[in-house]
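Colleague: sequence and predicted structure, then a few things I'm wondering about:
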Amino acid sequence: MKSLSLIAFGLLLVGCSAAPLNPQATQVELHTEKPSGACKSLGEAVGDQGNWVTGDFTSNKDLLLGARNSLRNKAAEMGGNYVWLQNTMNASAWGSLGTTNTTAVGMVYRCQ
């Protein structure tokens, strides 16, 4: 029983930090404006951080940073290097103490 409690506590701590940025995603830039110049649209991507279990134990800063990192990771997987950030949303689970999930939505581009 003690080991089960330690595992649950460890999982809770992992859920309380921002999602890490993958090495290939460090080259992906987030912008609030549509790119100009030689850029090819690769499609939409959605990044998120938090859920009804871990959200109350994750700071708003880490929820936002994790959602942005998740979006950049997905853009890198698509072959993109520029994300036109279109929306960021916060949600709260019923009975929570505050924000439990943050979602970031953007259009992914490959720019020269």
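Modeller: Received the coordinates, thanks.
Colleague: can you pull the contacts of G43?
Modeller: G43 is in contact with M78, M107, V108, counting by Cβ atoms under 8 Å, 6 or more residues apart in numbering. For the C-beta atoms, the positions are set from N, CA and C on the backbone; glycine is no exception.
Colleague: what about the first one, neighbour count?
Modeller: Burial of M78 is recorded as 17 neighbouring residues (other Cβ atoms under 10 Å).
Colleague: residue nearest the centroid of this structure?
Modeller: In the chain, the residue lying closest to the centroid (Cα atoms, centre = their mean) is A67, at 1.8 Å.
Colleague: I'd guessed that one sits against A91; true?
Modeller: No: using Cβ atoms under 8 Å, A67 makes no contact with A91, being 11.0 Å away.
Colleague: overlap in contacts of those two?
Modeller: T102, T103.
Colleague: show me the shaky parts of this structure.
Modeller: Where the chain drops to pLDDT under 70, the residues are 1-15, 55-56.
Colleague: scan it for its longest helix.
Modeller: The residue-count maximum for a helix in the chain (DSSP state H) belongs to helix 60-77.
Colleague: mind giving me the packing neighbours of that one?
Modeller: strand 29-31, strand 39-49, strand 82-91, strand 101-111 (3 or more Cβ pairs under 8 Å, 6 or more residues apart in numbering; DSSP states H and E).
Colleague: repeat the analysis, applying 6 Å as the threshold.
Modeller: Applying 3 or more Cβ pairs under 6 Å, 6 or more residues apart in numbering; DSSP states H and E, one finds that helix 60-77 contacts strand 39-49, strand 101-111.
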